[in-house]
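Student: task: produce atomic coordinates for the following.
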Amino acid sequence: MTDKIEFTLDGKTVVADKGETIWDVAKREGTRIPHLCHVDLPGYRPDGNCRACMIEIGGERVLAASCIRKPAAGMVVKTDTERAKKSREMVFELLASNMRSADAGPDNQSNFWQWASSMGIAGSDRFASKFDGHEVAEFDITNPAIAVNLDACIACGACVRACREVQVNDVIGMADRGGHTIPVFDMHDPMGLSTCVTCGECVQACPTGALFEKTLMDSAGKSRAVQDFDKVVDSLCPFCGVGCQTSVAVKDNRIVQIDGRNGFANENRLCVKGRFGFDYAMSPDRLTKPLIRRDDAPKSGDADLRGVDPLTIFREATWEEALERAADGLKKIIHQHGGRSLAGFGSAKGSNEEAYLFQKLVRQGFGTNNVDHCTRLCHASSVAALMEGVGSGAVSAPFTDALKAECIMVIGARPTTNHPVAATFFKQAAKRGAKLIVIDPRGQDLMRHATYSLRFRAGSDVALLNSFLHTIIEEKLYDEQYIQANVSGFEALRAKVKDFSPEAMAEVVGIDAATLRGVARTYAKAESSIIFWGMGISQHTHGTDNSRCLIALALITGHVGRPGTGLHPLRGQNNVQGASDVGLIPMYYPDYKSVENPDIRGQYENFWGQTLDPKRGLTVVEIIDDIHAGGIKGMYIMGENPAMSDPDQHHARAALAMLEHLVVQDIFLTETAWHADVVLPASAHAEKLGTYTNTNRQVQLGRPALELPGDARQDWELIVDLAKRLGLDWNYGHISEVYTEMAKVMPSLKYISWDRVAREDSVIYPADGEDAPGNEIVFTSGFPTTDGRGRIVPADLLPPDEVPDDEYPLVLTTGRMLEHWHTGAMTRRAGVLDAIEPQGIAAMNPYEIQRRGLSIGDMITVETRRGTVEAILRADREVADGMVFMPFCFNESPANALTNPMLDPFGKIPEFKYCAARVAPLRQLAGETRN
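Tutor: Next up is the predicted model:
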């Protein structure tokens, strides 16, 4: 029995695969059949409602819609008969009768008008328009990014499928009947006032321009203004760790449109940041000339340069003067205090090549391992636990494997906010019948799709997870054979979790015992279960213990090393995985080789031709503390903003101001750059060529779309220039040479050459050969540990470092928003994103607001033992009772001025997710907060 079907298409014998439609086969054979409602992109099912793709089938009385009709053996299909052509032309003419002309409509280059033009149709003299009477087409420009012109709508339903089935947001539906049918948002709300998350999937799917990007339209949002592009560049999204592939359209050195490409991670999808957050790169705030601090502008930890002319603090300089000043200051500190008095913060937003050069400069040029980046503030504890337990800090399976899983656990992560495109795979998996378990102290959108939604008590993660482990062991749901062959430490775990029964932990975690047992059974009994986690797991003083528990869950059940199973910490920034892989961390060389291992260090000394520091370096927060202690005297910071991202922000900014010499390399005058001695204007993501490694372990190529503004220079060239001025003999002619050198010391990149990445766009590591695809699943036959076994490390119950009391009765937790990213340096300079979320907020449950006598929309103060911040009070039912949530992207409401800098002892990550707080109306503390 075969799945191949042989039939005749326009007189030619062709073969269809199982599941293919006639339209699919015709496309493969080079036959173009018009289509409107059929969206030829991954994730879209054919609908067959527009009747634009009609074909004739021998022996059948009526025409058939080719996009939904499956071929049968021996079928005779004709696409080019007079009858089929006339039918299609009539469809297009009828639809055109209800539209403005192509030039007056929203998009004269839409699929509709391209097909209509090929048929010689520009409108209709035969058919009246439905708008000739009293009916008026809806026109809506309330959304900052998308214009709605329903006089171009053909009610094909593509936008509904885009929203409901592909992105699984379920905002758009169809209303009314017959010729009056139209798409509506929620309960027929204006788009900008609906629950639409502005992902733009509907825009990419719409065949007529009825939903269209404002960036391509006139100021009224009625007609297309940008008629052609100077170039369209295949590149990558610069924001989260999903690593969406993009198509970037440029006109007059300005990005005017971004669409998703059919990449492994995104299948054409994007989120609001990826599709509409691009204009930060063209911001008038871009640094375009080197700056040197003026002699009459002393540093101050409480400096606030918002609205201040930068030239009152800095003066413009030539590149020669700025680089000489930068290098001389660093050399002076090395000469007077030694290399360990310097430190460097690199960037997870830059390329792999930039990160590699940066850590090499610190280790070679400074002579220290004091180099780190923002992974210390997001997943350091996850990496520490993974290295300890399975010998690798990378994910064991891609997030797309959610579609292969029977059970999906999401804990301490909010994918619809922080990884929206990854979240589409989780939601689709749930729609297909997978058991989705969502665990979070706060509510979240993903819980609407979940089998189990556990809103547990913040800070009780270990108690919760140990209760799962207890249940699995007590009920013998573990995989004994897998444990015997692959796992160490099971008996110690059995002893540790003996006292963590669901019945004993129910009161601690705030979840009833039956539910805890049900979740444990669902995860353990599934044929394939996969765990995803985020910073809700890692950003605690017990973050490493949290991750250890998750690793134990996977190891004792054997849910690792197979499709649909594994451990996946969702990476926050676009190149956190890559920056860590290439050694931008204080304890590891590239590929996580210990700096304290003399044999490994000797290999790098031979490779780089220089003696290296035998002592592990300081981490991000430790560096800040060491500045206060008088140890660190100077820093080189590239693309990081610790003045906003570090905990106890006042402490961090005071440290930056204390430095004898601070060099900042960035695209904006960030809050960190306010304290700099030299500021070097650098390159934005859209101006770079280089590789990036996403959360799936995909090494992908980002290509430049824009020219550098003013005198700004490429980041990698600036690092090389500084290295030479520090006496290093570096000679790189092209960024590809950096990658090639990097790959020589990174076994993970074996068989993944620069030319291969450039050719294929994306290669997942590890790969088994030059032409072999990368391995999506790792740990299939053991672990990269000394004995090849996974190691279980039991965790005990430890409370958060600072718990609520009578003086500070609330829990403050921090995180990101959908529209803004990290410290806001980029997204708050993106017009659409800032229009949607323009002001700093603090969110509380409506009942908590009422209990405390507060008013929604008022300015309040949020106070902890480290400071006080003002913010607008927002009601949010997702926030738990007794909790206040603040995003950390608003410099006018800097949440990290309040957070606890206490570190996890293993991962050295601060406890961003939990500290004691209190709130009050601004009027009550107005005098206090302004003193």
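Student: could you identify the longest helix within this structure?
Tutor: For the chain, the helix with the greatest residue count under DSSP state H is helix 319-337.
Student: residues of it that come out buried?
Tutor: Counting neighbours by 16 or more other CB atoms under 10 Å, one finds that the buried residues in helix 319-337 are Ala322, Leu323, Arg325, Ala326, Ala327, Gly329, Leu330, Lys331, Ile333, Ile334, His337. (Each C-beta comes from the backbone N, C-alpha and C, glycine too.)
Student: quick one: contacts for the third one?
Tutor: If I follow you right, that is Arg325. Ile292, Ala317, Asp677, Val678 (CB atoms under 8 Å, 6 or more residues apart in numbering).
Student: dump those residues to a markdown table, plus pLDDT.
Tutor: Output for the contacts of Arg325, formatted as a markdown table (pLDDT from 0 to 100):
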| residue | pLDDT |
| --- | --- |
| Ile292 | 98 |
| Ala317 | 98 |
| Asp677 | 98 |
| Val678 | 98 |
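Student: from these, which two are the most distant?
Tutor: For those, with distances taken as CB to CB, the pair at the greatest spread is Ala317 and Asp677 (11.4 Å).
Student: shared neighbours, these two?
Tutor: Joint contacts of Ala317 and Asp677 (CB under 8 Å, 6+ apart) are Ile292, Arg325.
Student: helices of the stretch 101-250 of the chain, start to end?
Tutor: 111-118, 158-161, 201-205 (DSSP state H, counting those that start in this stretch).
Student: need those in TSV (columns: mean neighbour count, distance to Ser547 and mean pLDDT).
Tutor: Below are these laid out as TSV (neighbours: other CB atoms under 10 Å; distance: least, CB to CB, whole Å; pLDDT from 0 to 100):
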stretch	mean neighbour count	distance to Ser547	mean pLDDT
helix 111-118	19	47	97
helix 158-161	25	38	98
helix 201-205	26	33	97
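Student: and the residue nearest the centre of this structure?
Tutor: Cys240 (2.1 Å; CA atoms, centre = their mean).
Student: show me what contacts that residue?
Tutor: Applying CB under 8 Å, 6+ apart, the residues near Cys240 are Lys273, Asn418, His419, Arg571, Gly572, Gln573, Asn574, Trp821.
Student: packing partners of the longest strand along the chain?
Tutor: Longest strand in the chain by number of residues (criterion: DSSP state E): strand 867-875. Where contact means 3 or more CB pairs under 8 Å, 6 or more residues apart in numbering; DSSP states H and E, strand 867-875 is packed against strand 841-844, helix 846-851, strand 859-864, helix 922-929.
Student: now do that strand against strand 859-864, angle only.
Tutor: Here strand 867-875 runs at an angle of 130 degrees relative to strand 859-864 (axes from the mean of the first three to the mean of the last three CA atoms, to 10 degrees).
Student: ok, and what's touching strand 867-875?
Tutor: Counting by CB under 8 Å, 6+ apart, 649-650, 839-846, 849, 854-863, 886, 890, 892-895, 897-898, 919, 922, 925, 928-929 sit against strand 867-875.
Student: and the helices of the stretch 101-250 of the chain as TSV, adding distance to Val39?
Tutor: Putting those into TSV (distance: least, CB to CB, whole Å) gives the following:
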stretch	distance to Val39
helix 111-118	10
helix 158-161	5
helix 201-205	5
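Student: of all those, which lies closest to Glu138?
Tutor: helix 158-161 (13.4 Å).
Student: neighbours of the residue lying closest to Leu726 once chain neighbours are set aside, just the number please.
Tutor: Spatial nearest neighbour of Leu726, excluding adjacent residues (CB to CB, 6 or more residues apart in numbering): Gly365 at 4.1 Å. For Gly365, the count of nearby residues is 26 (other CB atoms under 10 Å).
Student: kindly report the same for Phe490.
Tutor: With other CB under 10 Å as criterion, Phe490 counts 18.
Student: need the pLDDT of it.
Tutor: At Phe490, the model reports a pLDDT of 98.
Student: still on that earlier bit, and the contacts of Cys240, which two are furthest apart?
Tutor: Among these, Lys273 and Arg571 lie farthest apart (CB to CB), at 15.1 Å.
Student: higher neighbour count, these two?
Tutor: Each of Lys273 and Arg571 has its neighbours counted (other CB under 10 Å); Arg571 has more, 30 against 25.
Student: roughly how far does Tyr604 sit from Ser283?
Tutor: Tyr604 sits at a distance of 39 Å from Ser283 (criterion: CB to CB, to the nearest Å).
Student: out of the two, which sits in the busier spot?
Tutor: Here Tyr604 and Ser283 are compared on neighbour count by other CB under 10 Å; more neighbours surround Tyr604, at 20 against 16.
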